[in-house]
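**Student:** Here is my input, please return the structure:
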Amino acid sequence: MNKDNDSAELVKVIGDFLEMGHVENIMAMFKQDTSHYGLTGDLLRDERFMVRMGVALLFEELKAIRPAEVGLAIPALLPLLHEETPWIRGEAVNVLGLIGSPEALAHVRTMADDPDPQIREIVADILKEI
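**Tutor:** Residues are numbered from 1 along each chain as shown. Got it, this is the predicted structure:
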């Protein structure tokens, strides 16, 4: 198996665990190996709502206990801001808002004029909170 296949399989396993509600297990994986933050973009492309909700819960928890690490996901999120599918852009904006660092919020601000009204609302909500 090559690295891309290994990565795709890991994304599937993490997604399945998140869908089942096992956020704690995935949090332990991210705490043990920070390279998993690089999978965040692929996880947010998952069509299963519970997976994407699990990612949000994961980042809420990790932000509370490992605030210096959550920014490692930013490079994986940036390509999603240019996706054609609005819900993918919205998920990326939401996680960037959860990360909440100055760098993450700068990327959130770039989405304030997104053509999708729901994304503009997410951006406004995030920026109102800071």
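
**Student:** Which strand or helix spans the most centrally placed residue in the chain?
**Tutor:** When Cα atoms, centre = their mean is applied to the chain, the residue found nearest the centroid is Val95 (4.4 Å). For Val95, the element it lies in under DSSP states H and E is helix 86-99.

**Student:** and if you look at Asp4?
**Tutor:** Using DSSP H and E, the element containing Asp4 is helix 3-19.

**Student:** Give me the contact list for the helix or strand that comes right after that helix.
**Tutor:** Taking DSSP H and E as the definition, the helix or strand that follows helix 3-19 towards the C-terminus is helix 23-32. For helix 23-32, contacts defined as Cβ atoms under 8 Å, 6 or more residues apart in numbering pick out 14, 17-18, 36-37, 54, 57-58, 61-62, 65-66, 69. (C-beta placed from N, C-alpha, C; glycine too.)

**Student:** same deal with stretch 123-130?
**Tutor:** Applying Cβ under 8 Å, 6+ apart, the contact partners of stretch 123-130 are Val93, Asn94, Leu96, Gly97, Gly100, Leu105, Val108, Arg109, Met111, Ala112, Asp114.
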